[in-house]
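Student: I'll drop the sequence and a predicted model, then ask my questions.
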Amino acid sequence: MRDLKTLPLETMHEEAGARFGAFAGWRMPLTYPAGVMKEHQHTREKAGLFDISHMRLFEVEGADACAFLSLACPLDAVALESGRSKYSMLLNEQAGILDDIIVTRLDTDRFMIVANAGNAEKDHRILSGLARGFNVSLKPLDRVLLALQGPEAESVLIGAGLDLSDLSFMSAVEPQQDWFVTRSGYTGEDGFEIALPPSHAQAFVEKLFSDERVMWAGLAARDSLRLEAGLCLYGQDLDENMDPARAAILWAIPKKLREEGSFVGADALRGLLAKGVEETRVGLKPEGRQPVRAGAILMNEAGEAVGRVTSGGFGPSAGHPVAMGYVSRALREPGTILFADVRGNRVPLRVHPLPFMPHRYRKG
Amino acid sequence: MSKTYFTKDHEWIRIEGGTATVGITDYAQEQLGDLVYVELPESGKSLAKGDTAVVVESVKAASDVYAPADGEVTEVNEALSSDPSLVNSAPMGDGWLWKMRITDESQLEGLMDEDAYKASIE
């Protein structure tokens, strides 16, 4: 695991007994001694704490911030209210997905972008290129990013001196200088993502752990939680060869923008929508207990290839294997039966509505 | 009298009266994490040394368990079909994987005993 970037709180994770693995160039805690099942279930029942400092924050500021973001993403930045967040993406000229991101408006001319770790450098390059000609600054921030997820997250934060009970899902505040908190996450549960300066992080984490409802949760639990919640993982469910229509994330692009927007990739997207997409992303429930993993080819009854699995594993809360993948549009209806070859076994799967576990966000 | 051998792939083989019981070690189950599925062979299947005999699947990944010697599967641990977590809770007890009749016991020569195995994982 040489040449990997290390988290600012690595010592804390080591002391907590984390098992580490490489992810997107980072040495990341995969599991803690409790194990992925307990970490996953604890997050659904109480509060799991994830260190996601590998993800990158960019601050966008300047008189042209709205115009710049409306070019860089399929986002109506003008219509985004201060203190609100939106799921969006960066597209290439072919409408291929370069990254999926969260954009938050902090002020009239100030926004925050949270980008995936594996795409951080690419995003920085692309955004810097697009920023030329705009009166806007793009600043990568040096922050620890923590996700506190689960039904007890709000009350744990109150105990730690951060009362965010008025904040609704996909809303943000800056409770202190250089802190940035959104009510959001990637588990399907209520929760918060908290960005703070590395120098404040250890004391804050210790304060969180003075509450016995908090448990460290690693990347393995983050993956099983987001899969049950039907959320995409960039690099598996999304990549540059997928477009928002096929990926079934068109809901993130306002209808007006699809028709009239001038964001990067807009023309290509209009072309794709006019033509109609041939395949789409769906949930898949393998029958029986055997997980079907990313990379498995999906077949119809006749044994013809009709799609592929892009994420798959076991859903600890669902209590059965769960997967997502891309299938021909004609096969997208829930209940449709498909087959995957897993080491010579023909495993039947059914198209299943997403999410597998209902979202429990705190809507305003 | 039974004798237990260990492999560098973190399997254990207990020999009792011509039958070998095979499983994975405590160290291996800890590395794999919570198991959710165990793919067992059919009883009667012939295995050659080094063949994949069993696949154990954790939440995140699938891993092969190899046959430690040539032979024939005589019994599999059916309890794992409904409760794969037995491998985590009792890897050398109720979480055994399969039993086999070994054709050539000399193939076990060179495997480690418990002390040597423990030293190898330290």
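Tutor: Alright, I've got the coordinates.
Student: residue 45: how many residues sit nearby?
Tutor: If you meant another chain, say so; for now it's chain A. Neighbours of residue A:45 under the rule other Cβ atoms under 10 Å in any protein chain shown: 15. From N, CA and C alone the C-beta is placed, and that goes for glycine too.
Student: my bad, chain B
Tutor: So residue B:45, with other Cβ under 10 Å, has 17 neighbours.
Student: for the closest residue to it other than its chain neighbours, what are its contacts?
Tutor: Excluding the flanking residues, the one nearest residue B:45 by Cβ to Cβ, 6 or more residues apart in numbering or on different chains is residue B:73, at 4.6 Å. When contacts are counted by Cβ atoms under 8 Å, 6 or more residues apart in numbering or on different chains, residue B:73 touches B:41-47, B:53, B:98-100.
Student: leaving out chain neighbours, which residue sits closest to residue 116?
Tutor: In the absence of a named chain, this looks at chain A. Per Cβ to Cβ, 6+ apart, closest to residue A:116 is residue A:234, 4.8 Å.
Student: chain B is the one I meant
Tutor: residue B:6 (7.3 Å).
Student: measure the one you found to residue B:98 for me?
Tutor: Separation of residue B:6 from residue B:98 (Cβ to Cβ, to the nearest Å): 17 Å.
Student: then residue A:19?
Tutor: 27 Å.
Student: neighbour-wise, which of the two wins?
Tutor: residue B:98 (24 against 17).
Student: isn't the more buried one up against residue B:75?
Tutor: Yes - between residue B:98 and residue B:75 a contact is recorded at 6.8 Å, counting by Cβ atoms under 8 Å.
Student: report the contact partners of residue A:140.
Tutor: A:56-58, A:120, A:124.
Student: closest one of the residues you listed to residue B:64?
Tutor: residue A:120 (34.8 Å; Cβ to Cβ).
Student: sec struct for that closest one, please.
Tutor: helix (DSSP: H, G, I helix; E, B strand; the rest coil).
Student: so how many other residues sit close to it?
Tutor: Residue A:120, neighbours per other Cβ under 10 Å, totals 19.
Student: look up the closest residue to it, ignoring the ones flanking it.
Tutor: Residue A:120 sits nearest to residue A:56 (Cβ to Cβ, 6+ apart), 3.8 Å away.
Student: run through chain B and note the low-pLDDT ranges.
Tutor: B:1 (pLDDT under 70).
Student: can you give me the helices for it?
Tutor: Applying DSSP state H to chain B gives helices spanning B:26-32, B:79-82, B:86-89, B:114-121.
Student: do the second one and chain A meet at all?
Tutor: Yes - for helix B:79-82, a contact with chain A is found by Cβ under 8 Å from any Cβ of the partner chain, at residue B:81.
Student: other SSEs contacting that helix?
Tutor: helix B:86-89 (3 or more Cβ pairs under 8 Å, 6 or more residues apart in numbering or on different chains; DSSP states H and E).
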